[in-house]
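Enquirer: Just to be clear, the model below is a prediction. Sequence and coordinates:
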Amino acid sequence: MNARLFPWAAIALLVLGLTIRFALLEKGVAVPAGAPGPESAGGGPEIRLGPVDVRELHDDGSWNRLDADGAVYAYSSRSLAAGGVTVFLGNGAAYPGSTVRAPRAAWDLDGQTIGLPEGCRIAREDGWTGDLSAATLDLAGKVLRVPGPARIEGPGVFVEGKNLAWQWEAGKITMETPRSRISPAMRPGRKG
């Protein structure tokens with residue numbers, strides 16, 4: 001071996017030794033900054049990402065977008081598990097301006113669904129908001145489904161119930177056992 005390579009070999013051995021020592025002391029593998037620690041995308045090869053911006057483009061020019069603080073992409077199952085999520089729905093479509101915020105999400109890229117297991121908060125530019133339990137966004141059908149409790153508020157209207165289905169492009173909302181309250185001062189269509 002060439003004498004000029006000894007210093008480089010010594011540094012490489014030092015780095016290897018320190019890496020093994022820290023791995024044994026930490027009892028785990030270090031996760032890069034920005035990548036969510038507990039996220040897992042379902043086994044197999046994974047790509048861990050810091051902040052991400054994922055866009056699903058459609059032939060008609062519309063698109064859906066998911067921003068997250070960190071994510072894990074599972075190559076074999078074509079799924080993305082993410083934390084600190086904001087989903088922008090239907091930008092460029094008939095009903096733009098809807099955002100969904102959730103602590104966790106799982107995007108099945110082949111099935112075109114985004115699961116929101118810890119619930120979410122939805123908001124529209126026109127003042128409508130909703131607090132929803134665990135939900136599923138069906139991107140192909142353009143439907144947000146919430147089998148559990150859901151609460152929606154808008155200008156002068158408050159509705160809560162369960163088994164919500166919101167078809168955001170068609171502008172339809174259905175819900176089982178709804179209870180609603182309309183504020184007389186804020187009723188839609190009423191002036192002052």
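Expert: Structure received.
Enquirer: Quick check: the gap between Leu66 and Gly156.
Expert: When distances are taken as Cβ to Cβ, to the nearest Å, Leu66 and Gly156 turn out to be 32 Å apart. Where you see a C-beta, it was placed from the backbone N, CA and C, and this is true even at glycine.
Enquirer: Neighbours of Thr177, how many?
Expert: Burial of Thr177 is recorded as 9 neighbouring residues (other Cβ atoms under 10 Å).
Enquirer: Distance from the chain centre to the helix or strand that contains it, please.
Expert: Under the criterion DSSP states H and E, the helix or strand holding Thr177 is strand 172-182. Centroid separation for strand 172-182 versus its chain: 25 Å, with Cα atoms, centre = their mean, to the nearest Å.
Enquirer: Likewise for stretch 142-153?
Expert: 16 Å.
Enquirer: What are the buried residues along it?
Expert: In terms of neighbour count (16 or more other Cβ atoms under 10 Å), stretch 142-153 has its buried residues at Lys142, Val143, Leu144, Arg145, Val146, Pro149, Ala150, Ile152.
Enquirer: and what of stretch 52-65?
Expert: Of the residues in stretch 52-65, Val52, Val54, Ser62, Asn64, Arg65 count as buried by neighbour count, 16+ other Cβ under 10 Å.
Enquirer: Closest one to Leu109 out of the buried residues of stretch 142-153, please.
Expert: Top of the list for closeness to Leu109, among the buried residues of stretch 142-153 and by Cβ to Cβ, is Lys142 at 16.7 Å.
Enquirer: Tell me which helix or strand the nearest residue in space to that closest one that is not next to it in sequence sits in.
Expert: Counting by Cβ to Cβ, 6 or more residues apart in numbering, Lys142 lies nearest to Glu169, which is 4.4 Å off, once chain neighbours are set aside. Assigned by DSSP H and E, Glu169 falls within no helix or strand.
Enquirer: And for Lys162?
Expert: With secondary structure defined by DSSP H and E, Lys162 is part of strand 157-167.
Enquirer: and the angle for that strand with strand 172-182?
Expert: Counting by axes from the mean of the first three to the mean of the last three Cα atoms, to 10 degrees, strand 157-167 lies at 170 degrees to strand 172-182.
Enquirer: how far does stretch 144-156 sit from the chain's center?
Expert: The answer for stretch 144-156 is 18 Å, by Cα atoms, centre = their mean.
Enquirer: List the contacts of that stretch.
Expert: Residues lying outside stretch 144-156 but in contact with it, judged by Cβ atoms under 8 Å, 6 or more residues apart in numbering, are 100, 122, 126-138, 158-166, 168, 173, 175, 182-183, 185-188, 190.
Enquirer: Separate out the buried members of these.
Expert: The neighbour-count test (16+ other Cβ under 10 Å) marks 100, 122, 130, 132-137, 159-161, 164-166, 168, 173, 175 as buried among these.
Enquirer: hey, where'd the strands end up in this protein?
Expert: In the chain, the segments counted as strands under DSSP state E are 46-49, 52-57, 63-74, 79-91, 98-108, 113-116, 120-124, 129-132, 135-138, 143-154, 157-167, 172-182.
Enquirer: Thanks a lot, catch you later.
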